[in-house]
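Chemist: sequence and predicted structure below; questions after.
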Amino acid sequence: MNSVETFNSKIKRVLISEDEIKAAVKEAGRKISESYDGRPILLVSILNGAFVFMADLCREVTVPCEVAFMCAKSYYKGTESSGIINITMDLEQDISGYHVIIVEDIIDTGRTLNDVVKLLKARNPLSLRVITLLDKPSRRLVEFEPDMALFEIEDRFVIGYGLDCGEMYRNLPYIAEYDESIE
Ligand code: IMP
Ligand code: MG
């Protein structure tokens, strides 16, 4: 197999189509616009995975808002969170004057967002909510509930629409199941 064939052979099946994502993102943008109208909104995307979701979601928000990006990695001692998160790229603005909405690609064990939420809450935003494109509730290791999840999925490794496997597949316009079998 050449590299394109190998790439394609790992895309097991489409789980969520481009049209389904588009409709759900539109609805999420409508809800945000409705409930935050007239307030200072800051959409905060966690890189890299959420960059595609953020780009589409912010264009469905029809009221004034600002966008910002941060890159966070959590460190763990065995299976326990050390409580230390390494911010490899932090926000530039003081968030105390904003209603912050964290925009995430997927919640798996819940550790990353649990830590990011603690960190951002300590900076006293006017309010803080979490919207995630995908949620895998069966995988949770720490208790964490997003305020909005567009799609709940089973315990499967997924790729596309920003989500990667080894930094590849982020550019797929749909969410697919990754074929983990080794041939
Ligand atoms: P958590 O701290 O375990 O909730 O980690 C969430 C992060 O793990 C996400 O932001 C993704 O970067 C990554 N992740 C979890 N599940 C998947 C998946 O099915 N496909 C791709 N990345 C995933
Ligand atoms: Mg992520």
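Modeler: Yep, it's here. Ligands and ions are numbered 1, 2, ... in the order given.
Chemist: stretch 112-125 near ligand 1 at all?
Modeler: Yes. Stretch 112-125 lies within reach of ligand 1 by C-beta under 6 Å from any ligand atom, at T112. To be clear about C-beta, it is placed using only N, CA and C from the backbone, and glycine gets the same treatment.
Chemist: that's a strand at N8, yeah?
Modeler: No. According to DSSP: H, G, I helix; E, B strand; the rest coil, N8 belongs to no strand; its state is helix.
Chemist: what sits up against stretch 1-17?
Modeler: Residues outside stretch 1-17 that contact it (C-beta atoms under 8 Å, 6 or more residues apart in numbering) are 151, 153, 156, 158-159, 161, 165, 168-169, 172, 174-179, 183.
Chemist: what's the first helix or strand after the worst-scoring helix or strand of the chain on mean pLDDT?
Modeler: Ranked by mean pLDDT, DSSP states H and E, the helix or strand of the chain with the weakest confidence is strand 80-89, at a mean of 72. Per DSSP states H and E, the first helix or strand lying C-terminal to strand 80-89 is strand 99-107.
Chemist: from the contacts of stretch 1-17, list the ones also adjacent to ligand 1.
Modeler: With C-beta under 6 Å from any ligand atom as the criterion, the contacts of stretch 1-17 include V158 near ligand 1.
Chemist: quick one, which of the contacts of stretch 1-17 are buried?
Modeler: Taking 16 or more other C-beta atoms under 10 Å as the criterion, what is buried in those is 151, 153, 158-159, 161, 169, 172, 174-178.
Chemist: report the two of those separated the most.
Modeler: Greatest spatial distance among the buried ones among the contacts of stretch 1-17 (C-beta to C-beta): F151 and Y169, at 17.3 Å.
Chemist: and whichever residue of the chain sits closest to ligand 2, how far is that from ligand 1?
Modeler: In the chain, no residue comes nearer to ligand 2 than G49, which is 3.3 Å away by C-beta to the ion. Distance of G49 to ligand 1, given as C-beta to the nearest ligand atom, to the nearest Å: 4 Å.
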